Structures are given as C-alpha cells and as structure tokens.
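Q: turn this into a structure:
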Amino acid sequence: MGLKTKVRTAREAHAGLRIHQSVARQLGIAILTGVHAPGDSLGGEIDASERLGISRTAYREAIRLLIAKGLIESRPKAGTHVLPRRRWNLLDPDMLAWMFSERPDESFVRDLFELRGVIEPAAAALAAVRRADGDVVAMTTALVGMRTHGLGTSAGQAADQDFHSAILDAAGNAALTSLIGSVGAAVRWTTHFKQRITLNPRDSLPQHEAVYRAIAAGDADAARTAMVELLRLARQDVVDIFA
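A: Residues are numbered from 1 along each chain as shown. Here you go, the predicted structure:
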C-alpha cells in the first residue's frame, strides 16, 4: 500500500479529522514506528504534497503540527528532517494515540508505567489529604461509569481516564494538574490496548475502588499503597502482552 493510499485510508477511518490532521497523523505514526528514522528527510514540500495528493497548504499545516510535537524540524534550504527521539514530546495526547494505534514499542510502554509510578501514587496521597467534596463526587461518578459500561467500551475507558484525572485534580497541585491531559491519555490508551489485544482482560475495578476508599477516608498512606498496587497490576497486564 502506497503512502498516498494510506493517507486516504486514514482519512476515511478518521472522517472527523481535517486533511492536514490526517496527514500529520499518518506521518507521525510512520515516524513513531520507525518508517522514518531520526535524521531522515521527508522531502520537499512540492514533491511531498504531490505524492500525497494534497494541497501544499494542507501539507504545510501538517508539518507545522509535527514540528510542534517535536518530531521534525524544517529549515530553509536544509529541508524537513526527523529529529532525535529525545526531542519528541511523547506525552502529547495525539502522540500517545498515534503510538497505540499500532502495536507500541515495549520499552516505551515500560517507560510510561514507570512515569505513572512516579506521579500517581504521590498524587493519590496528596488527594487523600486535600480532596474536596467535589473531587470525591467526580471520582464516584467515574467509578459508576466504569462499573456500568465496563472497560471494554469506549465509555468505560473514558470513565477510567476521568477517575485518574480527578485524582490529579484533587491533589491540589497546579503542576500535577497540568499533567492531566498527558496522564489521562496514557491511562486511556494503555487500557484500550489491553482490552483490544487480550482475550479475557483482568477486571481492574477492585483496585480502583481501593484507591477511592483510601482517598475518601483521608488515608494518604493507604491511598499511595493502593495506587502502587493498581499500577503494578496494570503494568503487568500490558507488559505481559509482549511476552
């Protein structure tokens, strides 16, 4: 399948996206999966837009999106090249969606869970001390959504994301709150990947309920411990897929 056909297929599958967003998605996935390696040239604007069957304006907008995500750089006369991996904004919600649209790299999945292991237990402990009534209501609503819809559905996965986001919000720390988009996307896509690949995925609702009970009771140590256990099992669920 040629790249032009792939872009058209992606456009049809993601009809809600504008042309430049579909092109950025396809090129982004190609970079993340190693089709275009760091240092590779994406070619000139005129040739690339003609090859993809799109306008130069749409191609230029797609390139701007990829530049903003740290995947590429474009310089006059030097052209457009893929940047080293250390420059990529891997926690960008779009980037996480692109990564998990294919089979993600195992080392990246491990890195993602290590990062969550640093952030979320501490956030749960803070939430237990600082949560307001509204935060508890938000967590309760999310749990009801998870229980009602199940994590095998998009609605259940959205509720799971809402639960983890509510904990970060309840921590009462502006820096942690700024991570809601990234951590929430990581939660959603790792869960989606597990549900998509695993025949009989483990039900993680009991671990979420344990975290909730500890936060609602104001027990910081128990909240931290419960979140550590939730993440340990979640990591095991996903990483075992690669075995």
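
Q: so where's this structure uncertain?
A: 1-17, 243 (pLDDT under 70).

Q: can you map out the helices along it?
A: If you assign secondary structure with DSSP state H, the helices in the chain sit at 3-13, 19-32, 45-52, 56-68, 93-101, 106-130, 133-149, 154-170, 174-177, 180-197, 205-216, 220-239.

Q: any chance of TSV for the ones you listed, columns mean neighbour count and distance to residue 78?
A: In this view, the C-beta of every residue, glycine as well, is placed from N, C-alpha and C. Formatted as TSV, the helices of the chain follow (neighbours: other Cβ atoms under 10 Å; distance: least, Cβ to Cβ, whole Å):
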stretch	mean neighbour count	distance to residue 78
helix 3-13	15	22
helix 19-32	22	18
helix 45-52	16	13
helix 56-68	18	14
helix 93-101	20	24
helix 106-130	19	29
helix 133-149	16	48
helix 154-170	22	40
helix 174-177	12	36
helix 180-197	20	31
helix 205-216	19	49
helix 220-239	18	39
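
Q: export these to JSON lines and tack on distance to residue 86?
A: Listed next are those as JSON lines, based on distance: least, Cβ to Cβ, whole Å:
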{"stretch": "helix 3-13", "distance to residue 86": "26"}
{"stretch": "helix 19-32", "distance to residue 86": "14"}
{"stretch": "helix 45-52", "distance to residue 86": "25"}
{"stretch": "helix 56-68", "distance to residue 86": "16"}
{"stretch": "helix 93-101", "distance to residue 86": "14"}
{"stretch": "helix 106-130", "distance to residue 86": "12"}
{"stretch": "helix 133-149", "distance to residue 86": "34"}
{"stretch": "helix 154-170", "distance to residue 86": "25"}
{"stretch": "helix 174-177", "distance to residue 86": "22"}
{"stretch": "helix 180-197", "distance to residue 86": "17"}
{"stretch": "helix 205-216", "distance to residue 86": "33"}
{"stretch": "helix 220-239", "distance to residue 86": "23"}
